[in-house]
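Participant: would you be able to build a 3D model of this:
(one chain, ligands or ions: 1)
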Amino acid sequence: MAKPSEPNRDSHVAVLAFPFGTHAAPLLAVTCRLATAAPSTVFSFFNTARSNSSLLSSDLPANIRVHNVSDGVPEGFMLTGNPQEAVELFLEAAPEIFRREIKAAETEVGRKVKCILTDAFLWFAAETAAAEMKASWIAYYGGGANSLTAHIYTDVIRENVGVKEVGGRMEETLGFISGMGKIRVKDTPEGVVFGNLDSVFSKTLHQMGRALPRAKAVFINSFEELDPTFTNDFSSKFKRYLNIGPLALLSSPSQTSTLVHDPHDCLAWIEKRSPASVAYIAFGRVATPPPGELGAIAQGLESGKVPFVWSLQEKNMVHLPKGFLDRTREQGMVVPWAPQVELLNHEAMGVFVSHGGWNSVLESVSAGVPMICRPIFGDHAVNARSVEAVWEIGMTIINGVFTKDGFKESLDRVLVQDDGKKMKVNAKKLKELAQEAVTTKGSSFENFAGLLDEVVKV
Ligand SMILES: O=c1ccn([C@@H]2O[C@H](COP(=O)(O)OP(=O)(O)O[C@H]3O[C@H](CO)[C@@H](O)[C@H](O)[C@H]3O)[C@@H](O)[C@H]2O)c(=O)[nH]1
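Facilitator: Numbers count the residues shown, from 1 in each chain. Okay, the predicted model is just below:
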């Protein structure tokens, strides 16, 4: 898969992706921007074949070489289907995989790697390789500053809340950490104070919080004005902290010449709807609410008569109520993939119903669209809570899970009631700040220049 090219200077950057969820796509988007800005530097992008094949293939700059690496699953090993298992096998094998692959790429390119840029989840593989190769290490954290705070302050949260019998303290807020006054114990990602604290994944994230201050720089897909308190805090904690987003405003197909991937013609469909009327429903690449809740979503949409676009993997369509697709043919569309960013930016978009994955939240913020969140795992709950209580641009689904009436009422609240109007006003304000951040005078523009400097300067 490596692309042949003959760049003429001697800089070589290794980019290590975390091949699960929506981690690799934004990292590749940043790599493309860096590679365009530094055409004589070679960027070797390492990711599993499976994850690479899920990245929308557009023309990459000639100085990016994409490599398929092992997923760490031993030969003949039968995965049980528990997603955590695949993640943990990969994490365990990652240091060896990347060491081997970086060495091979150095030989192939004929240049030593001077900088290792990684997903923050891979801090252990990056730090070891960087020390061995005398390279610098720069980390990309794929979530928002809110969940990053939970990982950076895991020890503090554990000291204050305890880790035993935490159940009784779930509603308490984390007021002892600045910027987290509205976040409750129950909103923290599993593995911070509840869930399996000893799993490989929980330990990796806990240790990541301690390791990131050692990185040469830490960057995230966000903008400073969204979370000024965290920005201030991290600017003193990390050697360099750079908000370089929202990437959706920088690398969305609508902002570039790349074709929009719209295999089911969602954009033609939404064109005919009235302003701020449509519900867009999507739960990212890995999470799906349980089958019963998918049925409740369908019932809520049907009884509320809300026009909709629903991105739902084909294998889950069997859980829709009998006849739903036929009855709602005029009302909406259920598709296995939708051009999310473009839909959110359409004037007919009224509400985004989401699990609260970071990329989705930021894409909604960038489009000024209010949200209804139904968190499923990881950082979803802290993102949903920020949407509802910190930025006040949406709400968590009534009852915490989808029920027919709760969903119908939630849709009504956001699309029709005064509450929803306020959410929309707040969302529009954030959209303006996001747009400002990426202009040539904006904070993210300046931060990207800082990142470029850290990456190519050796
Ligand atoms: O039909 C679809 C469905 C999804 N998307 C895109 O897919 C991405 C989904 O990303 P995200 O909302 O972050 O969800 P996940 O795929 O669930 O992402 C994982 O990775 C994120 C970043 O670390 C974490 O915040 C999440 O918790 C984790 O589940 C977004 O860019 C969407 O625009 C589409 O374009 N079309």
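
Participant: beta partners of S354?
Facilitator: For S354, the beta-bridge partners under DSSP bridges are A282, C373.

Participant: contacts only, for it.
Facilitator: Shown in contact with S354 (Cβ atoms under 8 Å, 6 or more residues apart in numbering): 281-284, 360-361, 364, 371-374. Using the backbone N, CA and C atoms, a C-beta is placed for each residue, glycine as well.

Participant: what does the stretch 101-250 of the chain have sitting close to the ligand?
Facilitator: 142-143 (Cβ under 6 Å from any ligand atom).

Participant: for the residue in the stretch 101-250 of the chain that the ligand sits nearest to, grab the count of nearby residues.
Facilitator: Residue nearest to the ligand within the stretch 101-250 of the chain (Cβ to the nearest ligand atom): G142, separated by 3.1 Å. Here the number of neighbours of G142 (other Cβ atoms under 10 Å) works out to 24.

Participant: do you know how far it is from C373?
Facilitator: To C373, G142 is 18 Å away according to Cβ to Cβ, to the nearest Å.

Participant: nearest residue to the residue of the stretch 101-250 of the chain closest to the ligand other than its sequence neighbours?
Facilitator: H23 (4.7 Å; Cβ to Cβ, 6 or more residues apart in numbering).

Participant: who's in contact with T41?
Facilitator: T41 sits next to 7, 9, 11-13, 34-35, 63, 455-456 when contact means Cβ under 8 Å, 6+ apart.

Participant: quick check: which element contains V15?
Facilitator: strand 12-16 (DSSP states H and E).

Participant: what stretches of the stretch 251-400 of the chain score poorly on pLDDT?
Facilitator: Applying pLDDT under 70 to the stretch 251-400 of the chain picks out residues 251-259.

Participant: in this structure, which spans are strands?
Facilitator: 12-16, 42-48, 64-69, 115-119, 136-141, 217-220, 241-243, 278-282, 308-311, 332-335, 349-354, 371-373, 394-396 (DSSP state E).

Participant: in JSON lines, list those strands along with distance to F448.
Facilitator: Shown next, in JSON lines, are the strands of the chain (distance: least, Cβ to Cβ, whole Å):
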{"stretch": "strand 12-16", "distance to F448": "15"}
{"stretch": "strand 42-48", "distance to F448": "15"}
{"stretch": "strand 64-69", "distance to F448": "17"}
{"stretch": "strand 115-119", "distance to F448": "13"}
{"stretch": "strand 136-141", "distance to F448": "12"}
{"stretch": "strand 217-220", "distance to F448": "9"}
{"stretch": "strand 241-243", "distance to F448": "8"}
{"stretch": "strand 278-282", "distance to F448": "27"}
{"stretch": "strand 308-311", "distance to F448": "29"}
{"stretch": "strand 332-335", "distance to F448": "33"}
{"stretch": "strand 349-354", "distance to F448": "26"}
{"stretch": "strand 371-373", "distance to F448": "26"}
{"stretch": "strand 394-396", "distance to F448": "28"}
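
Participant: report pLDDT for the residue nearest to G142.
Facilitator: H23 carries a pLDDT value of 95.

Participant: let me see the contact set for it.
Facilitator: Going by Cβ under 8 Å, 6+ apart, the list of residues near H23 reads 17, 119, 121, 142.

Participant: longest helix of this structure?
Facilitator: helix 83-109 (DSSP state H).

Participant: and that helix with strand 12-16, angle?
Facilitator: When axes from the mean of the first three to the mean of the last three Cα atoms, to 10 degrees is applied, the directions of helix 83-109 and strand 12-16 differ by 170 degrees.
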